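Chemist: no sequence for this one, just the structure:
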């Protein structure tokens, strides 16, 4: 946005800042919060503090540096207010879990390590964060963030201390961070309609079990290599010989990969489904819904734990719904998703939810390219979480304005 347009929005932005930054105790903190948001929305190649301060009529680099990097305001109440406001307006169909990377130089920025960097498509020096987004096909917004700390960071307490990592913050896998974010959102009285995530999360049986233990429905991507039994297979319990504990039930047939299950499915089970209008026309493909019993060591252990509270496990693996995409003209399926929703769920709904991850790529483009999500040059835990909270607030303001029928169109 050009400077004149940003300045014309100062009244609306001041009302928004007064609402979402009400938890900040001092007036000057709220003032610099509004100033930072205007800097993020203003045109410019870099959205780090110095160039933003230079572009703003009332910019003050030292004050903005102190507000973002040193000021001890809590970002969680700000995110909570943003999340509540956006969920009331958007009324999301799904919550999407994803992670985003920030390429970095050096070793001092909190959480930086050589790891897979989605922004570069390879292993590189970067930070990684896990996020939860509320989404429909028309709008979306991030609700909560958490920076991922690799083990090489948590194994060095002095390094964490220098970066301001809170005491007691340990290494957690990304799927555990995602469950923690969902717990925080539940504490804010927000309820996930359907949880959607890519195969990085879908392949984790503990993650799926964690969602089920929280009473959440999900549609999660898989790779197709995961193994499962057919829906009608039954375990065999060997006869008890009287010596030692009874042998656990076991299956006499070997599980097959989901891709093998899809290939053996009848061709007439695949039906054409259209899920949205794309930039090049309607998006349509062929899908089928299968019911299987996921197998493998993780699935077996999870089933045994789930059955342990009701007596000895009977060997029956739970049924799960699998959505398979096999476009016309392709030699093999191109997509797999697992869900704990019943197989009677309309296939159009399953497809729409599975495909709604595209909105998050739209979020990341706006957050990174338009609002400087990855332009933060500070090194501390506090500064990073303050910055992403302020970027979230800027996107929330613009999203609410786009969805307001009374708002004038941008110049």
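Modeler: All right, it came through fine. Please read these numbers as outputs of a predicted model, since none were measured by experiment.
Chemist: Could you use CA atoms for every contact and neighbour count after this?
Modeler: OK.
Chemist: The residue most central in space within the chain and residue 200, how far apart?
Modeler: Relative to the mean C-alpha position of the chain, the nearest C-alpha, by CA atoms, centre = their mean, is the one of residue 97, at 1.8 Å. Shown here: residue 97 relative to residue 200, a distance of 10 Å by CA to CA, to the nearest Å.
Chemist: And residue 228, by the same measure?
Modeler: If you measure residue 228 against residue 200 using CA to CA, the figure is 18 Å.
Chemist: So between those two, which is more surrounded?
Modeler: Taking other CA atoms under 10 Å, residue 228 and residue 200 do not tie; residue 228 has more neighbours (23 against 15).
Chemist: Quick check: the more buried one is in a strand.
Modeler: Yes. Secondary structure assignment (DSSP: H, G, I helix; E, B strand; the rest coil) places residue 228 inside a strand.
Chemist: Could you check what's spatially nearest to it, not counting adjacent residues?
Modeler: Nearest residue to residue 228 in three dimensions, chain neighbours excluded: residue 294, at 4.1 Å (CA to CA, 6 or more residues apart in numbering).
Chemist: Residue 58 too?
Modeler: Closest residue to residue 58 apart from its sequence neighbours, by CA to CA, 6+ apart: residue 35 at 7.7 Å.
Chemist: That neighbour: which element?
Modeler: Of the helices and strands defined by DSSP states H and E, residue 35 is found in helix 27-41.
Chemist: which residues sit in contact with residue 178?
Modeler: The neighbours of residue 178, taking CA atoms under 8 Å, 6 or more residues apart in numbering as the test, are 97, 130-132.
Chemist: Secondary structure, distance to residue 59 and pLDDT added to those residues, as CSV?
Modeler: Below are the contacts of residue 178 laid out as CSV (DSSP: H, G, I helix; E, B strand; the rest coil; distance: CA to CA, whole Å; pLDDT from 0 to 100):
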residue, secondary structure, distance to residue 59, pLDDT
97, strand, 35, 97
130, strand, 31, 97
131, strand, 30, 96
132, strand, 32, 97
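Chemist: which among the residues you listed gets closest to residue 266?
Modeler: residue 97 (32.7 Å; CA to CA).
Chemist: quick one on the thing from earlier: residue 189 versus the residue nearest to the centre of the chain, what's the distance?
Modeler: Separation of residue 97 from residue 189 (CA to CA) stands at 18 Å.
Chemist: go on, residue 286?
Modeler: For residue 286, the distance to residue 189 equals 38 Å [CA to CA].
Chemist: likewise residue 8?
Modeler: Note on residue 8: its distance to residue 189, by CA to CA, is 35 Å.
Chemist: for the stretch 301-411 of the chain, what spans make up the helices?
Modeler: 347-355, 358-365, 381-403 (DSSP state H, counting those that start in this stretch).
Chemist: Save those as a markdown table, and put in mean pLDDT and distance to residue 326 too.
Modeler: As requested, the helices of the stretch 301-411 of the chain are arranged in a markdown table below (pLDDT from 0 to 100; distance: least, CA to CA, whole Å):
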| stretch | mean pLDDT | distance to residue 326 |
| --- | --- | --- |
| helix 347-355 | 97 | 12 |
| helix 358-365 | 87 | 19 |
| helix 381-403 | 95 | 35 |
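Chemist: Which among those is found nearest to residue 50?
Modeler: Closest among these, once you apply CA to CA, is helix 381-403, at 13.9 Å.
Chemist: Pull out the buried positions in the closest one.
Modeler: Across helix 381-403, burial judged by 16 or more other CA atoms under 10 Å covers 381-397, 399-401.
Chemist: can you list contacts of that helix?
Modeler: By CA under 8 Å, 6+ apart, the residues outside helix 381-403 that reach it are 13, 16, 33, 36-38, 40-41, 68-70, 72, 75, 78-79, 82, 86, 89, 110, 139, 141-142, 145-147, 163-165, 366-367, 371-373, 376, 378, 407.
Chemist: Make sure residue 93 is actually in contact with residue 136.
Modeler: Yes. Counting by CA atoms under 8 Å, a contact exists between residue 93 and residue 136, whose distance comes to 5.4 Å.
Chemist: follow-up on the earlier one: quick check: of the contacts of residue 178, which lies closest to residue 267?
Modeler: Comparing these against residue 267 with CA to CA places residue 97 closest, at 32.5 Å.
Chemist: now that closest one, nearest residue through space, not along the chain?
Modeler: Residue nearest to residue 97 in three dimensions, not counting chain neighbours: residue 132, with 4.6 Å by CA to CA, 6+ apart.
Chemist: neighbours around that neighbour, how many?
Modeler: Using other CA under 10 Å, residue 132 has 25 neighbouring residues.
Chemist: what pairs with it across the strands?
Modeler: residue 97, residue 144 (DSSP bridges).
Chemist: do you know how far it is from residue 94?
Modeler: When distances are taken as CA to CA, residue 132 and residue 94 turn out to be 10 Å apart.
Chemist: Touching both of these two, which residues are there?
Modeler: Between them, residue 132 and residue 94 have no joint contacts when contacts are counted by CA under 8 Å, 6+ apart.
Chemist: need the contact list for residue 30.
Modeler: 17-18, 21-22, 24.
Chemist: Count residues in the vicinity of the closest residue to residue 32 other than its chain neighbours, would you?
Modeler: With CA to CA, 6+ apart as the measure, residue 64 is the residue that lies nearest to residue 32, at 6.4 Å, once sequence neighbours are left out. Residues near residue 64, counting by other CA under 10 Å, number 21.
Chemist: In a helix, residue 64, correct?
Modeler: Yes. Assigned with three-state DSSP, residue 64 falls within a helix.
Chemist: got the contact list for it?
Modeler: With contacts defined as CA under 8 Å, 6+ apart, residue 64 is in contact with 32, 36, 49, 53.
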